[in-house]
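Engineer: Task: produce atomic coordinates for the following.
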Amino acid sequence: MGFGEVTGRRLHVVLRVADGGPKVVERGGIAAMAFDLDDIRRSAFVDHGNAEPRTARTGPLQDLTFAVKDLIDVAGFTSAWGNPDRLREARPAIATAPAVVVPLAAGAGLVGKTQTDELACGMFGMNPHFGTPVNPMAKERVPGGSSSGSACAVAAGLCDFALGTDTGGSIRVPASFCGVFGLRTTFGRISVAGIMAMAPSFDTVGWLARDATTLRRVGEVYFGPSASLPEPRLLIANDAFDIPIPTISRALLPVARSLGRHEDITLFTEGVNAWLDTFRPLQLHDLWSTLGAWAKVPGRTLSPAVAERIDLASTVDPATFARAAANRERLSDRLSQLLGADGVIVLPTAHDLPPLRTASLLAQVAFREKTLALTCVASLCRLPQVNIPAVTVEGCPVGLSLIAGHRNDHLLMAAAETFAGAMPVAAAA
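Structural biologist: Numbers count the residues shown, from 1 in each chain. Below you'll find the model as predicted:
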C-alpha cells in the first residue's frame with residue numbers, strides 16, 4: 001500500500017511492500033521498484049501545480065492516498081485536459097471539484113494529478129503532447145485511456161485509489177489493461193461540477209483501486225454504507241463473449257460460469273451494430289457541443305487523431321441524432337427490465353489484450369470499435385459497471401465486467417469484493 005505527500009512540485013512516495021513483493025530501493029526520496037517505479041511515476045503524474053495534501057486528518061479514509069485525473073479541478077492545479085494550449089491558457093483552479101472534496105473530507109491524502117488522453121478522446125492512454133504512461137503490468141503495451149495515469153499510478157502502488165472519468169470506457173478499459181479494479185458509477189450519482197465536459201450525457205466519475213475492499217470503502221464515503229443487499233442474480237451475456245478474440249473468450253467464460261448460479265442471456269438482441277449506431281452520434285454530438293468551439297479556434301494545437309474526431313463530431317446529422325436519442329431510451333428500458341433490483345450482467349471488459357505501444361493508428365481504430373461494442377452498453381443505459389481483474393493471458397491482465405441496474409453501485413462493489421477472492425482459483429482451474 002502506498003502513501004505520500006506533495007511538497008511544492010515534487011512528489012514524495014514511500015511504498016510498504018509485503019514480504020516477497022517487489023524490491024523497493026530509496027533514491028533521492030523517491031521509491032523505485034524493479035519495474036522502474038521512477039519512470040512510471042514521471043509518466044503517470046502531471047507536474048503543473050501543487051497538491052493540497054488533506055482537508056481532514058481523520059476520517060474513514062485517513063489511511064489511504066489518492067490521485068486525480070487531469071480533467072478534474074483541484075485548487076492550485078491547472079487542469080490541462082491533456083492539451084498544451086489548455087495548459088498555457090488556463091489559470092490554476094480556485095476551487096476543488098466536489099468529487100475530490102468528498103475523499104479529502106474523509107481524510108484521504110491527495111498525492112497529485114494524473115495524465116489523460118487529450119480532451120479524453122482516447123481509449124489507449126497515448127498522449128502525443130505529454131507522453132504515454134507506463135503500464136506497470138505490461139510495459140510494452142498501452143495502459144488504456146483516457147484515465148491512463150490514474151490506472152498506472154494505482155497499479156504501481158503510487159497511491160491507494162485514483163479518481164477518473166468514464167464516458168465510453170475511460171475507467172473500465174485502463175482498469176482491465178493494468179490489472180486493477182475500476183468502477184464507472186451510475187450516471188448522475190456523483191457531481192461533475194469542476195470537471196471538463198466531454199460528452200455530458202455520458203460522463204461519469206469513478207475510481208480505480210488495487211483491491212475490491214478499497215473500492216468499496218471509497219464508495220461508502222460517496223454513497224453511504226450499504227444496507228442489506230440482495231444476492232446478485234447473475235446474467236451471463238453469451239453473445240458478448242463472442243466479441244473478444246478466442247483466447248480472451250476461452251480464458252474468461254469459464255471464470256464467469258464459475259462465479260455461481262447464473263442464467264445465460266442474449267444481450268445484443270437488436271444486434272451489436274444497433275448499439276454502436278446509437279452510441280456514436282450521441283457521443284459525437286455531445287463532444288461537438290462542449291468542445292467544438294474551443295477546438296476550432298484558429299491555430300489550436302491538436303493531435304491529428306483528436307482534430308479528426310472533432311471534425312467528425314461537427315458532421316452529425318440532427319435527424320440521426322434524434323433517432324439515436326429515442327433508441328437510447330428503448331435500449332435503456334429493456335435493460336432496466338432485464339436487470340431489475342438484483343440483476344448483474346457478466347461480460348468481458350475489452351475484446352483483446354492491450355495494443356502494443358507501437359501499434360499503428362489504423363490498428364487502434366479497429367481495436368476501439370470492437371471494445372466499444374462491450375463498453376457502450378453501460379454508457380448508453382447510464383448504468384454502473386465494475387472491472388474485476390480476472391485472468392492473465394500472454395502475461396497481460398484481462399478483466400471481467402459486471403453491470404448492474406440504475407443506482408445499484410453498492411451491489412456491484414459487494415459483488416466485486418465477493419468474486420475477487422474466487423477469481424484466482426477459478427482462473428487456475
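Engineer: Around residue 301, how many other residues sit close by?
Structural biologist: Counted by other CB atoms under 10 Å, the residues lying close to residue 301 total 14. Backbone N, C-alpha and C define where each C-beta goes, glycine included.
Engineer: let me redo that: residue 340
Structural biologist: Using other CB under 10 Å, residue 340 is surrounded by 11 other residues.
Engineer: how about residue 235, secondary structure?
Structural biologist: Following DSSP: H, G, I helix; E, B strand; the rest coil, the label given to residue 235 is strand.
Engineer: what do you get for residue 66?
Structural biologist: Secondary structure, three-state DSSP: residue 66 is strand.
Engineer: Is it bridged to anything, and to what?
Structural biologist: residue 110, residue 161 (DSSP bridges).
Engineer: From residue 349, how far off is it?
Structural biologist: According to CB to CB, to the nearest Å, residue 66 and residue 349 sit 22 Å apart.
Engineer: looking at this, residue 401 is in a strand?
Structural biologist: Yes - under three-state DSSP, residue 401 sits within a strand.
Engineer: Quick one: name whatever helix or strand follows the lengthiest helix in the chain.
Structural biologist: For the chain, the helix with the greatest residue count under DSSP state H is helix 272-295. Next along the chain after helix 272-295, taking DSSP states H and E as the criterion, comes helix 304-313.
Engineer: Also compute the angle for that next one relative to helix 272-295, please.
Structural biologist: 100 degrees (axes from the mean of the first three to the mean of the last three CA atoms, to 10 degrees).
Engineer: Packing partners of helix 304-313?
Structural biologist: If contacts are counted by 3 or more CB pairs under 8 Å, 6 or more residues apart in numbering; DSSP states H and E, helix 304-313 sits against helix 272-295.
Engineer: Any buried residues in the helix it packs on, and which?
Structural biologist: By neighbour count on 16 or more other CB atoms under 10 Å, the buried set for helix 272-295 is 272, 275, 278-288, 290-291, 295.
Engineer: Which of those residues lies at the shortest distance from residue 340?
Structural biologist: Minimum distance to residue 340 across those is 20.7 Å, recorded for residue 275 (CB to CB).
Engineer: And that closest one, what's its pLDDT?
Structural biologist: pLDDT for residue 275: 98.
Engineer: Against residue 108, how distant is the nearest residue to it once chain neighbours are set aside?
Structural biologist: Leaving aside its chain neighbours, residue 275 sits nearest to residue 376 (5.5 Å; criterion: CB to CB, 6 or more residues apart in numbering). Residue 376 sits 32 Å away from residue 108, going by CB to CB.
Engineer: if you count what's nearby, which of the two comes out ahead?
Structural biologist: Using other CB under 10 Å as the criterion, residue 376 and residue 108 rank with residue 108 on top: 27 against 22.
Engineer: tell me the contacts of the nearest residue to the more buried one once chain neighbours are set aside?
Structural biologist: Using CB to CB, 6+ apart and skipping the chain neighbours, the partner closest in space to residue 108 is residue 61 (3.9 Å). By CB atoms under 8 Å, 6 or more residues apart in numbering, the contact set of residue 61 is 103, 106-108, 217-218, 221.
Engineer: which among these end up buried?
Structural biologist: 103, 106-108, 217-218, 221.
Engineer: want to throw those residues into CSV with distance to residue 235?
Structural biologist: Converted to CSV, these look like this (distance: CB to CB, whole Å):
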residue, distance to residue 235
103, 32
106, 33
107, 38
108, 34
217, 27
218, 26
221, 29
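Engineer: Which of the residues you listed lies at the shortest distance from residue 209?
Structural biologist: Residue 209 lies nearest to residue 218 out of the buried ones among the contacts of residue 61, by CB to CB, at 6.8 Å.
Engineer: what about stretch 353-371, average pLDDT?
Structural biologist: Confidence over stretch 353-371 (mean pLDDT, whole number) is 90.
Engineer: Name the surrounding residues that touch it.
Structural biologist: Here stretch 353-371 has contacts from 123-124, 126, 132, 135, 138, 140-144, 169, 173, 177, 243-244, 248, 276, 305, 350-352, 393-394, 396, 398, using CB under 8 Å, 6+ apart.
Engineer: Could you tell me which of those residues belong to strands?
Structural biologist: Counted as lying in strands by DSSP state E, out of the contacts of stretch 353-371, are 393, 396, 398.
Engineer: so residue 151 touches residue 180, yeah?
Structural biologist: Yes - taking contacts as CB atoms under 8 Å, residue 151 lies within contact range of residue 180: 6.1 Å.
Engineer: Pull out the buried positions in stretch 312-326.
Structural biologist: Neighbour counts over stretch 312-326 (16+ other CB under 10 Å) mark 313, 316, 320, 324 as buried.
Engineer: Contacts only, for the first one.
Structural biologist: In this case it means residue 313. Neighbour list for residue 313: 284-285, 287-288, 292 [criterion: CB under 8 Å, 6+ apart].
Engineer: who touches residue 268 in this structure?
Structural biologist: Contacts of residue 268 (CB under 8 Å, 6+ apart): 239-240, 274-275, 373.
Engineer: got it, and residue 277?
Structural biologist: With contacts defined as CB under 8 Å, 6+ apart, the neighbours of residue 277 are residue 324.
Engineer: Quick check: the gap between it and residue 371.
Structural biologist: Computed as CB to CB, the residue 277 to residue 371 distance reads 16 Å.
Engineer: Over to residue 231?
Structural biologist: With CB to CB as the criterion, residue 231 and residue 371 are 30 Å apart.
Engineer: Those two: which is more packed in?
Structural biologist: residue 371 (24 against 13).
Engineer: re the thing from before, with distance to residue 116 and pLDDT as added columns, please give the contacts of residue 313 in a markdown table.
Structural biologist: Shown next, in a markdown table, are the contacts of residue 313 (distance: CB to CB, whole Å; pLDDT from 0 to 100):
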| residue | distance to residue 116 | pLDDT |
| --- | --- | --- |
| 284 | 19 | 98 |
| 285 | 22 | 98 |
| 287 | 15 | 98 |
| 288 | 20 | 98 |
| 292 | 19 | 98 |
